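> what's the 3D shape of this:
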Amino acid sequence: MQLNQYLTDTFLFNDKANKMLLEKMQQMPDPSECIKHFSHLINCQFKWMDRIMIYPATSALDWWNPVYPMDELASYWDKSLQPWLDLLGEKSEVELLENVVWIGVGNKPYTSPLKDLALQLNYHSIHHRAQMQLFIRQQGLTPDFVDYIGTVYKPI
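Reported below is the predicted structural model:
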């Protein structure tokens, strides 16, 4: 499997799992913490794309703001995801392994392979999805099963 296909598949898995989470959030008595964390995931996708596209400028986008209204989370999620899917579709394996530069902590330049930024976004999504699953459970609901193996493979 090509690296760009693997990364695309990873984004698509996170897309599916996060959309399942959005449906469960609709049932929560108080979804505010989930809304905040879900908005953060959206903002991260926007900000990382901004960072690599505007270098050497510093991205003014925030990690935690704005917090989007519940009924707009799905739309903003799609808007933040699509540029990453487009980018992965355009890049060769060699290009995904090439370093990109962005301005990070302390307004200093950092560099890493482009593939690592895509992986960071997906791993970060898993991290915060687990937190949101806990918020759901704390409000008396049963979170959906969103483990990779159980959502990708079916019994025979």
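> ok, which stretches of this protein are helices?
3-25, 32-54, 73-90, 93-97, 114-138, 148-152 (DSSP state H).
> hmm, who's touching the fourth one?
Going back to what we said before, that points to helix 93-97. Helix 93-97 has contacts (CB atoms under 8 Å, 6 or more residues apart in numbering) with 2, 3, 4, 7, 88, 113, 114, 115, 118. Where you see a C-beta, it was placed from the backbone N, CA and C, and this is true even at glycine.
> cutoff 7 Å now
2, 3, 4, 113, 114, 115 (CB atoms under 7 Å, 6 or more residues apart in numbering).
> likewise the fifth one?
Defining contact as CB under 7 Å, 6+ apart, one finds that helix 114-138 is touched by 3, 7, 10-11, 14, 17-18, 21, 24, 28, 33-34, 37-38, 40-41, 44-45, 48, 52, 84, 88, 91, 95-98, 100, 143, 146.
> Show me which of the residues you listed are buried.
Buried members of these, counted by 16 or more other CB atoms under 10 Å: 3, 7, 10-11, 14, 17-18, 21, 24, 28, 33-34, 37-38, 40-41, 44-45, 48, 84, 88, 91, 96, 100, 143, 146.
> The residue nearest to residue 144 when sequence neighbours are not counted: neighbour count?
In space, residue 144 comes closest to residue 20 once its chain neighbours are excluded; the distance is 4.8 Å by CB to CB, 6 or more residues apart in numbering. The tally of other residues near residue 20 (other CB atoms under 10 Å) stands at 16.
> for residue 47, same thing?
Residue 47 has 18 neighbours, counted by other CB under 10 Å.
> Run a quick check on it versus residue 58, I expect a contact.
No - the criterion here is CB atoms under 7 Å, and residue 47 misses it with residue 58 at 10.9 Å.
> distance of residue 92 from residue 74?
31 Å (CB to CB, to the nearest Å).
> Give me the more crowded residue out of those two.
Neighbour totals were compared for residue 92 and residue 74, and residue 74 leads with 15 against 11 (other CB under 10 Å).
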